[in-house]
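Enquirer: pasting the structure only:
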């Protein structure tokens with residue numbers, strides 16, 4: 001998980017009394033030779049589409065031999081980023097449907113040639129539209145909300161150790177160091193159909209932050225540390241940089257991807273990241 005990318009974008013959120021500032025950063029970490037993570041932020045330049053669908057952030061953590069994990073995660077962020085905006089109707093249904101269709105296309109690609117066999121990816125997607133947040137999720141990448149100085153994990157890991165936690169067999173603290181902590185139960189591309197988890201739509205507020213990340217971050221940086229870094233950083237881009245650096249200081253044994261979205265009242269905008277640039281993994285649609 002190797003490529004270092006960064007992106008930031010500020011946009012007026014249609015129908016909501018705040019502005020959006022977002023930054024996405026992905027890094028291969030300190031051990032892996034390649035980066036199988038991908039991240040993407042999409043903000044339509046068409047005002048009508050922006051009102052209808054809002055701003056989207058997607059994080060994916062790929063798996064598989066050769067370059068297959070990289071292919072799967074890249075397909076996930078590109079497909080979800082396109083399909084969500086092409087689907088009419090309810091925003092939550094469109095987002096969950098985009099993730100489900102991405103699974104079908106990644107699975108089909110995995111059947112085409114030995115290099116792609118067995119590939120898969122997690123996928124966590126957040127859409128901010130008209131004063132509400134919608135999310136769809138498969139795997140063990142995570143979505144958090146930071147509000148009023150508190151951090152809330154909005155997604156539940158589709159993993160073996162979280163099943164043990166749910167059944168009371170181990171504690172959450174024990175899960176952090178369990179030998180099977182990276183065994184996931186669901187992923188995009190490993191079967192023709194997948195169950196997509198949806199987060200109940202949330203009312204968004206100025207001052208909120210939303211953070212998406214792969215397990216390369218949350219395995220090494222605790223929730224309360226994430227909250228502290230985001231709340232104390234100069235801007236969302238600096239926060240993303242600091243979180244990646246912190247995970248690398250602690251070994252960086254996996255690829256690390258972080259996407260942070262800040263909501264600010266107009267006229268009191270959160271500082272925008274400098275040196276914005278679009279890349280294959282992280283881009284703003286225009």
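Expert: Received, thanks. Computed from a predicted model, the values in this text were never measured in an experiment.

Enquirer: any idea what the residue lying closest to residue 187 once chain neighbours are set aside is bridged to?
Expert: Setting aside the residues directly before and after it, residue 187 is nearest to residue 120 in space (C-beta to C-beta, 6 or more residues apart in numbering), at 3.8 Å. The way it works is simple: take the backbone N, C-alpha and C, and place the C-beta from them, glycine included. Residue 120 forms beta bridges with residue 63, as assigned by DSSP bridges.

Enquirer: ok, the one 4 residues further on next?
Expert: Using DSSP bridges, the bridge partners assigned to residue 124 are residue 59, residue 137.

Enquirer: can you check the one 4 residues further on too?
Expert: On the basis of DSSP bridges, residue 128 takes part in beta bridges with residue 55, residue 133.

Enquirer: for the protein, what spans make up the helices?
Expert: 47-53, 68-86, 91-110, 160-166, 172-177, 215-218, 223-232, 236-249 (DSSP state H).

Enquirer: which neighbouring elements make contact with the second one?
Expert: It stands for helix 68-86. strand 37-42, helix 47-53, strand 55-63, helix 91-110, strand 120-121, strand 123-129 (3 or more C-beta pairs under 8 Å, 6 or more residues apart in numbering; DSSP states H and E).

Enquirer: what residues are up against residue 194?
Expert: Counting by C-beta atoms under 8 Å, 6 or more residues apart in numbering, residue 194 makes contact with 100, 103, 138, 186-188.

Enquirer: rerun at 7 Å
Expert: By C-beta atoms under 7 Å, 6 or more residues apart in numbering, residue 194 lies in contact with 100, 103, 138, 186, 188.

Enquirer: what's around residue 52, how many residues?
Expert: Using other C-beta atoms under 10 Å, residue 52 has 17 other residues around it.

Enquirer: what does residue 121 give?
Expert: 32.

Enquirer: which pair in the contacts of residue 194 spans the largest distance?
Expert: Pairwise distances among these were taken by C-beta to C-beta; the largest, 11.8 Å, belongs to 100 and 186.

Enquirer: more neighbours, those two?
Expert: residue 186 (21 against 18).

Enquirer: pretty sure the more buried one sits against residue 158.
Expert: Yes: between residue 186 and residue 158 a contact is recorded at 4.2 Å, counting by C-beta atoms under 7 Å.

Enquirer: what do those two both touch?
Expert: In contact with both residue 186 and residue 158: 138-139, using C-beta under 7 Å, 6+ apart.

Enquirer: and the least confident of the contacts of residue 194?
Expert: Least confident by pLDDT among these: that is residue 186, with 91.

Enquirer: residue contacts, that residue?
Expert: Contacts for residue 186 were tallied using C-beta under 7 Å, 6+ apart; they are 138-139, 158, 194-195.

Enquirer: do you know how far it is from residue 256?
Expert: 22 Å (C-beta to C-beta, to the nearest Å).

Enquirer: likewise residue 53?
Expert: Distance, residue 53 to residue 256, using C-beta to C-beta: 28 Å.

Enquirer: and for residue 111?
Expert: Distance from residue 111 to residue 256, by C-beta to C-beta: 30 Å.

Enquirer: and these two? which has more neighbours close in?
Expert: Neighbour comparison, residue 111 and residue 256: the larger count goes to residue 256, with 34 against 10 (by other C-beta under 10 Å).

Enquirer: returning to that earlier point: what is the nearest of the contacts of residue 194 to residue 199?
Expert: Within the contacts of residue 194, proximity to residue 199 (C-beta to C-beta) peaks at residue 138, which comes in at 12.3 Å.

Enquirer: right, and the closest one touches residue 198 too?
Expert: No: counting by C-beta under 7 Å, residue 138 stays clear of residue 198, with 10.7 Å between them.

Enquirer: can you report how many residues neighbour residue 156?
Expert: For residue 156, using other C-beta under 10 Å, the count is 14.

Enquirer: mind listing the residues bridging to the spatially closest residue to residue 152 that is not a sequence neighbour?
Expert: Closest residue to residue 152 in three dimensions, ignoring its sequence neighbours and counting by C-beta to C-beta, 6+ apart: residue 145, at 4.8 Å. Beta-bridge partners recorded for residue 145 (DSSP bridges): residue 152, residue 210.

Enquirer: quick one, what contacts residue 145?
Expert: Neighbours of residue 145 in contact, by C-beta under 7 Å, 6+ apart: 152, 154, 208, 210.

Enquirer: no more questions from me, cheers.
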